[in-house]
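Q: generate a structure from the sequence data that follows.
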Amino acid sequence: MEKNPHALLLLLFLLLLNLSLPSLQQKLDALDLRALVSIKNSLTDVPSRRSRAGFFSTWDFASSDPCSSFSGITCSSLGRVTTLTLGTGLAGSLPPAVSDLAELTQLILYPGIVTGPIPTQLGRLVNLRVISLTNNRLTGQIPSTLSLLTKLHTLDLSYNHLTGSVPPGLTRLPMLKVLILSSNDISGDIPSVLSQLLHLDFSRNRLTGHLPQPLPSTLRYVSLAENDLAGPISGFFDSISDLVHLDLSMNRFSGALPASLFRTSLPSLLLQRNNLSGWVPSVVPEDQPSYGEGSIVDLSHNSLTGELSPILASVESLYLNNNRLIRKVPREYVKSVDVGTTRTLYLQHNYLSGFPVQPGWVLPDTVSLCLSYNCMVPPVGLAACPTSAGTELSRPASQCTVFNYG
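A: Reported below is the predicted structural model:
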């Protein structure tokens, strides 16, 4: 049979082409490939009613290219894994082999029931910029080796079962901007050096001691709520001019409120359930901007005294209940409620003696106002009061007379 020279040439070309192409798995660095195999062996998909296909359903090492087909994987042009995003609903533990992904810049673990410690070997991944391991059941201490990650920008270990203290070197990392350790069982003091942080959240832990001084001027968001922190808060916020959220609620802070907290109309100020005393400045600075839409100030359940300052009259949601405020409510608050600037105003359980409205005044439908248990009969009903306010309209006259709050 006569052979077709064109067919032979085509067959030879295809054979040479096939020999020159690497296998699918050869596209990924061999060390990274072994690390991914170890990760899959250490974690499992938890069955879900919403989806039959788990996160690892695309991780087929026999026939797929990890760089192009595996969920949660991004690779560089050199075949090294640069981002690893482990999906929702995984169980098991994080293996030390994660640290073999030498070019990794982002390590993200979505909510699941992953247990065990955070591998100390992560400190070898010098290119890491983001670590987010939230909403799982990780245990043990925060590895001090994370303090070696000089390129780290974001660390979020919230909603786990981590114990121990905050590694001091962690808060000194030069590139770290976001540090979230909330909802764990972390104890001890807050490190004194907080680098150039923008976002700090240590809420819902067992931290003790005082606020570190000074706080970095770069901070925009601070939450230390629900700890066991104590001492004064004055003097710590003088240099933080761009702060937009401060939550120190449910601690044991004491002393007077610093005037610096009210100079920039901080749109989210939560100091409730502490032992704070005194009151805010009575004079509103001429250049102070109004609080505006969406603002919230909660100073409830403290020991604030004196007359109610007009400086907070433009806050949208204002909680001053359960303090020791006296005299009449300034007309600025009535006006703000009347025009709808203030939508929530809780003043119950104080010693206020009046809310100056005209006869026949009607509370706007969009406003929640509570004035119960003061030294007056509220001009409006209790429909807008929370259940915790109780059913008594006014304080006993003896309390108002003894303390001259009438």
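
Q: center of the chain - which residue?
A: What sits nearest the mean C-alpha location of the chain, by C-alpha atoms, centre = their mean, is residue 201, with 5.2 Å.

Q: contacts only, for it.
A: 158, 179-182, 221-223 (C-beta atoms under 8 Å, 6 or more residues apart in numbering). Heads up, the C-betas are built off the backbone N, CA and C, glycines and all.

Q: buried subset of the residues you listed?
A: Among the contacts of residue 201, the ones that count as buried by 16 or more other C-beta atoms under 10 Å are 158, 179-182, 221-223.

Q: of all the residues you listed, which comes closest to residue 136?
A: Set against residue 136, the nearest of those by C-beta to C-beta is residue 158 (9.9 Å).

Q: is the residue lying closest to the closest one once chain neighbours are set aside in a helix, a strand, or coil?
A: In space, and not counting its chain neighbours, residue 158 is closest to residue 182: 4.4 Å by C-beta to C-beta, 6 or more residues apart in numbering. Following DSSP: H, G, I helix; E, B strand; the rest coil, we place residue 182 in the coil state.

Q: need the helices for the chain, in chain order.
A: For the chain, the helices defined by DSSP state H occupy 5-20, 30-42, 66-69, 331-339, 397-402.

Q: now the third one: how far from the chain's centre is it?
A: The offset between the C-alpha centroid of helix 66-69 and the centroid of the whole chain comes to 33 Å, using C-alpha atoms, centre = their mean, to the nearest Å.

Q: ditto for the second one
A: Using C-alpha atoms, centre = their mean, the distance from the centre of helix 30-42 to the centre of the chain it belongs to is 32 Å.

Q: that one packs against which elements?
A: helix 66-69, strand 81-86 (3 or more C-beta pairs under 8 Å, 6 or more residues apart in numbering; DSSP states H and E).

Q: which pLDDT value goes with the residue nearest to residue 277 when sequence neighbours are not counted?
A: Residue nearest to residue 277 in three dimensions, not counting chain neighbours: residue 303, with 4.6 Å by C-beta to C-beta, 6+ apart. Reading off the confidence values, residue 303 has pLDDT 96.

Q: and if you look at residue 11?
A: 39.

Q: likewise for residue 383?
A: Looking at residue 383, the pLDDT reads 61.

Q: residue 56 too?
A: Note on residue 56: pLDDT of 94.

Q: does it touch residue 40 like I think?
A: Yes - if you go by C-beta atoms under 8 Å, residue 56 and residue 40 touch, sitting 5.7 Å apart.

Q: who's in contact with residue 187?
A: Contacts of residue 187 (C-beta under 8 Å, 6+ apart): 163-165, 205-208.

Q: repeat that for 7 Å
A: For residue 187, the contact set (C-beta atoms under 7 Å, 6 or more residues apart in numbering) comprises 165, 206-208.

Q: give me the buried subset of those.
A: Buried among the contacts of residue 187 by 16+ other C-beta under 10 Å: residue 207.

Q: ok, now how distant is the residue nearest to residue 277 from residue 276?
A: Using C-beta to C-beta, to the nearest Å, residue 303 is found at 7 Å from residue 276.

Q: who's more crowded, these two?
A: residue 276 (23 against 13; other C-beta atoms under 10 Å).

Q: now the more buried one, which residues is it bridged with?
A: Beta bridges link residue 276 to residue 255 when assigned by DSSP bridges.

Q: give the buried residues for stretch 196-207.
A: Buried residues in stretch 196-207, defined by neighbour count with 16+ other C-beta under 10 Å: 197-205, 207.

Q: can you tell me which of those are in strands?
A: 199-201, 207 (DSSP state E).

Q: what's the neighbour count on the nearest residue to residue 143 once chain neighbours are set aside?
A: Computed as C-beta to C-beta, 6+ apart, the closest residue to residue 143 that is not its neighbour in sequence is residue 120, at 4.3 Å. Counted with other C-beta under 10 Å, residues neighbouring residue 120 total 15.
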